[in-house]
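Student: the amino acid sequence is not available; the structure is as follows:
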């Protein structure tokens, strides 16, 4: 300990800063804004008087903070952070989780948030977690303000969504010229968005609810166009969208590079997927991710590009299908669902496609066989990433021998994908055909076959959260 305390002050500050690196947000996706409740700077204060003086005298160590408006102790702790951070940029989380309260005490909310308002000019990242019914009261103090340093804004209404939960988004009406990212979750933003939306580069809308109007429009149709001239990343929850209200090609976003769509996991057919994709005219998009697409939907998309009625993704080079793991290809569903072979690569729909990712979905083994089998119509893939779902990966890692039907089903799935890859590799090598590079999840990666047969593979970790 003596050696540690003899270090220069600047180095001690960096050590404390490294202990809180999980809360650095300079290059984070906004959906990962929320961090664990851990205050290493306070723990260092209890080690020695010198460390306490170092920590209290370093404003950069007090820039990430949160406040729970219903807990006075939290408010006082928050005020301490504001004072010690001096003029540094701030990352603030506001929590108003009044789920157990019959009435919303807006005065108490306002009093707590009045401590934030004087410092709004130095807020760089702001996340608001609120009961949707009190959302307007939480947002009200920020309406007629300017936020000159704000870059990241996240508003989270939780998991519960109902048709009558809307929130007016006219906050920071005096301007937020540097804002680039807005993440809305668990509530429906009431259009129109404020003027700063025109400069957004990233827009995420999760767990929103359609507003129920039957006037030929919908929430997305009024929000997305307001920021379509600058968007680079667009993540949308399509679960509650009433398909057919918006004409095909309505979302023309010439600057978009990344598109991520969350579909209905209980959809029987591919119609909703086709309807969603038809909305977009995105000539520059490079990366498309579809969450909760079943194997049958993937096959339908590849086999019937005409269903998209002329929609194409001319620049797309990476296509991902993510799922939490489903059992459509299990024996119980064998009589109801069948795999439909993919006849040819969808070059008309995705002419520049070079990377395909299949994560946690059904019918993965036969899809791999269709894509990689030697045929006159070769897929131009340079990279294929294959992963089991996180749940299956974890369950397989916990047992060596299956003792339950579920464990046996997991093992059968692993073996089916592994065997499909093995057969394809042998077949293509016999014909002198090249192979794409492979990225495999841990349970697939740790197989002796790859090393024994000089197959180049990389470890591939699927996302922990499909919304992340």
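Tutor: Received it, and whenever you're ready, just let me know what you need. Quantities reported herein were computed from a predicted structural model and do not represent experimental measurements.
Student: where does the stretch 101-250 of the chain have low pLDDT?
Tutor: Where the stretch 101-250 of the chain drops to pLDDT under 70, the residues are 101-106, 159-168, 191-192, 209-218, 240, 242-245.
Student: break this structure down into its structural domains.
Tutor: Annotated domains of the chain cover 1-62, 66-238, 247-468 [automatic domain parsing].
Student: check the separation of the first and last residues in the second one.
Tutor: Looking back up the chat, that one is domain 66-238. 31 Å (CA to CA, to the nearest Å).
Student: residues near residue 346, how many?
Tutor: 20 (other CB atoms under 10 Å). All C-beta spots, glycine's among them, are computed from the backbone N, C-alpha and C.
Student: again with residue 312
Tutor: Here the number of neighbours of residue 312 (other CB under 10 Å) works out to 17.
Student: what about it, which helix or strand?
Tutor: Using DSSP states H and E, residue 312 sits in no helix or strand.
Student: do residue 73 as well
Tutor: Here residue 73 is assigned to helix 72-84, by DSSP H and E.
Student: for that helix, the distance to its chain's centre please.
Tutor: Distance of helix 72-84 from its chain centroid, counting by CA atoms, centre = their mean, to the nearest Å, is 31 Å.
Student: quick one: contacts of it?
Tutor: Outside of helix 72-84, the residues within contact range by CB atoms under 8 Å, 6 or more residues apart in numbering are 56, 59, 61-63, 65-69, 90, 112, 115, 119.
Student: now stretch 428-436: mean pLDDT?
Tutor: For stretch 428-436, mean pLDDT is 86.
Student: how far does that stretch stretch from one end to the other?
Tutor: Using CA to CA, one end of stretch 428-436 lies 11 Å from the other.
Student: now that stretch, how far from the centre of its chain.
Tutor: 36 Å.
Student: how close does residue 11 get to residue 17?
Tutor: Applying CB to CB, to the nearest Å, the value for residue 11 to residue 17 is 10 Å.
Student: circling back: the contacts of helix 72-84: which two are farthest apart?
Tutor: Farthest pair in the contacts of helix 72-84 (CB to CB) is 56 and 69. Separation: 25.6 Å.
Student: can you give me the helices for the stretch 51-200 of the chain?
Tutor: Secondary structure of the stretch 51-200 of the chain by DSSP state H, counting those that start in this stretch: the helices cover 72-84, 106-113, 135-139.
Student: so which of those helices is the most packed in?
Tutor: helix 135-139 (a mean of 21; mean count of other CB atoms under 10 Å).
Student: give me the below-cutoff pLDDT ranges for the stretch 301-450 of the chain.
Tutor: In the prediction, the stretch 301-450 of the chain carries residues with pLDDT under 70 at positions 325-339, 376.
Student: where do the helices sit along it?
Tutor: 364-372, 390-397, 405-430, 442-445, 448-452.
Student: tilt between the second one and helix 405-430?
Tutor: It refers to helix 390-397. 100 degrees (axes from the mean of the first three to the mean of the last three CA atoms, to 10 degrees).
Student: elements contacting helix 390-397?
Tutor: Applying 3 or more CB pairs under 8 Å, 6 or more residues apart in numbering; DSSP states H and E, one finds that helix 390-397 contacts helix 405-430, helix 442-445.
Student: if we go by neighbour counts, what in the longest one is buried?
Tutor: Going back to what we said before, that points to helix 405-430. 409-411, 413-414, 416-418, 420-421, 424-425, 428 (16 or more other CB atoms under 10 Å).
Student: and stretch 292-311, by the same measure?
Tutor: Buried residues in stretch 292-311 (16+ other CB under 10 Å): 292-303, 305, 307-308, 311.
Student: widest-spaced pair of those?
Tutor: Among these, 295 and 311 lie farthest apart (CB to CB), at 21.6 Å.
Student: in the stretch 51-200 of the chain, which spans are strands?
Tutor: For the stretch 51-200 of the chain, the strands defined by DSSP state E, counting those that start in this stretch cover 64-68, 90-96, 123-130, 152-156, 166-168, 181-185, 188-190.
Student: what's the fourth one packed up against?
Tutor: Packed against strand 152-156 by the contact rule (3+ CB pairs under 8 Å, 6+ apart) you find strand 123-130, strand 181-185.
Student: the first one now?
Tutor: Identification of packing neighbours for strand 64-68 by 3+ CB pairs under 8 Å, 6+ apart yields helix 72-84, strand 90-96.
Student: what is the mean pLDDT for the shortest one?
Tutor: By that I understand strand 90-96. The pLDDT scores in strand 90-96 average 88.
Student: so what does it touch, helix or strand wise?
Tutor: Packed on strand 90-96, when contacts are counted by 3+ CB pairs under 8 Å, 6+ apart, are strand 64-68, strand 123-130.
Student: for residue 248, which of these is the nearest?
Tutor: Closest among the helices and strands packed on strand 90-96, using CB to CB: strand 123-130, at 34.9 Å.
Student: need the contact partners of the closest one.
Tutor: For strand 123-130, using CB under 8 Å, 6+ apart, the contacting residues are 25, 33-34, 89-97, 116, 138-139, 147, 149-158.
Student: now stretch 86-93
Tutor: Outside stretch 86-93, the residues that touch it by CB under 8 Å, 6+ apart are 23, 25, 33-34, 59-60, 62-67, 82, 116, 119, 122-129, 149.
Student: show me which of those are buried.
Tutor: Listed as buried from the contacts of stretch 86-93 are 23, 25, 33, 62-67, 82, 116, 122-129, 149; burial here means 16+ other CB under 10 Å.
Student: centre of the chain to stretch 9-19, how far?
Tutor: 31 Å.
Student: since that was my last question, I'll sign off now.
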